[in-house]
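Novice: Dropping the sequence and predicted coords here.
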Amino acid sequence: AQTVTQSQPEMSVQEAETVTLSCTYDTSESDYYLFWYKQPPSRQMILVIRQEAYKQQNATENRFSVNFQKAAKSFSLKISDSQLGDAAMYFCAYRNRREDDKIIFGKGTRLHILP
Amino acid sequence: EPEVTQTPSHQVTQMGQEVILRCVPISNHLYFYWYRQILGQKVEFLVSFYNNEISEKSEIFDDQFSVERPDGSNFTLKIRSTKLEDSAMYFCASRIPGATLKAFFGQGTRLTVV
């Protein structure tokens, strides 16, 4: 069975600084997707960034980038130039490539932005 | 951007009572999901629903749970006889076929069983 582990329950970063959230996963599949979702307080989860396992190039979305290490089964999220609006719970997630498969989430990391 | 809407945002119910959690997925979406998160734990998959039937369910989704799409717009999760351990945040999600990378989530319903 696939699992996703986020070992940092909470993190804090100074505004404008860079922070990296860690995520590891376990799977025997070779083709899958990885995601980072953001959940602001009392708001829905929104997709921040995604990575297809067959792509070697790390995904980037503006200030958000990932470090995807397939052999190590590691998928960390880097947030550059942190902003107050980045404060949220961040979930790392995994999904097999099969059409209707479920998403498997980590426990989440609560990110605090210090002004 | 379109949103998945869940109601109510918070529901308190007595143990043994039935509850129905409601979700309005995005209108052209065809895959629907329920997830739950017990406080301090992982977000867990409950069930997926496509073409008016369950496509997959987890071991959590036992006979006490059911899902329905009664009118083509709502997607409901019913818990027949709630237990204390059903207290959790329940998330609904939906997506269109082929858009395998992006599911849209609702903001969740916090269910408290007392």
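Specialist: Thanks, I have it.

Novice: I'd like to know how many residues surround the closest residue to residue B:84 other than its chain neighbours.
Specialist: Spatial nearest neighbour of residue B:84, excluding adjacent residues (CB to CB, 6 or more residues apart in numbering or on different chains): residue B:113 at 5.2 Å. Backbone N, C-alpha and C define where each C-beta goes, glycine included. As a burial measure, residue B:113 scores 19 neighbours (other CB atoms under 10 Å in any protein chain shown).

Novice: Check what pLDDT residue B:113 gets.
Specialist: On pLDDT, residue B:113 comes in at 97.

Novice: Backbone dihedrals for it, both of them.
Specialist: Torsion angles at residue B:113 (phi, psi; degrees, to the nearest 10) stand at phi -100, psi 130.

Novice: Do I have it right that it meets residue B:13?
Specialist: Yes. Assessed by CB atoms under 8 Å, residue B:113 is found in contact with residue B:13 at 5.7 Å.

Novice: where does the residue most central in space within chain A land in three-state SS?
Specialist: For chain A, the residue nearest the mean C-alpha position is residue A:36 (3.0 Å; CA atoms, centre = their mean). Under DSSP: H, G, I helix; E, B strand; the rest coil, the three-state class of residue A:36 is strand.

Novice: Secondary structure element holding residue B:35?
Specialist: For residue B:35, the element it lies in under DSSP states H and E is strand B:31-37.

Novice: re earlier: please identify every residue contacting each of residue B:113 and residue B:13.
Specialist: Contact criterion CB atoms under 8 Å, 6 or more residues apart in numbering or on different chains; residues shared by residue B:113 and residue B:13: residue B:82.

Novice: those strands in chain A, which residues are they?
Specialist: For chain A, the strands defined by DSSP state E cover A:3-5, A:10-14, A:19-21, A:24-26, A:32-39, A:46-52, A:60-61, A:64-69, A:74-79, A:88-96, A:103-105, A:109-114.

Novice: Who is the most centrally placed residue in chain B paired with across the strands?
Specialist: Central residue of chain B (CA atoms, centre = their mean): residue B:34, 3.2 Å from the mean position. According to DSSP bridges, the residues that bridge with residue B:34 are residue B:47, residue B:92.

Novice: distance of it from residue A:49?
Specialist: Remark: distance between residue B:34 and residue A:49 (CB to CB, to the nearest Å) = 24 Å.

Novice: Kindly report the same for residue A:113.
Specialist: Noted for residue A:113: a distance of 18 Å to residue A:49, by CB to CB.

Novice: again with residue A:33
Specialist: In this structure, residue A:33 and residue A:49 are 11 Å apart, going by CB to CB.

Novice: Repeat that for residue A:92.
Specialist: Relative to residue A:49, residue A:92 is positioned 10 Å away (CB to CB).

Novice: measure stretch B:26-35 end to end?
Specialist: Stretch B:26-35 has an end-to-end distance of 17 Å (CA to CA, to the nearest Å).

Novice: same deal with stretch A:81-93?
Specialist: Per CA to CA, stretch A:81-93 runs 23 Å from first to last residue.

Novice: Check which residues of that stretch are buried.
Specialist: By neighbour count, with 16 or more other CB atoms under 10 Å in any protein chain shown as the criterion, the buried positions of stretch A:81-93 are A:82, A:86, A:87, A:88, A:89, A:90, A:91, A:92, A:93.

Novice: first vs last residue of stretch B:51-66, how far apart are they?
Specialist: Per CA to CA, the first residue of stretch B:51-66 is 16 Å away from its last.
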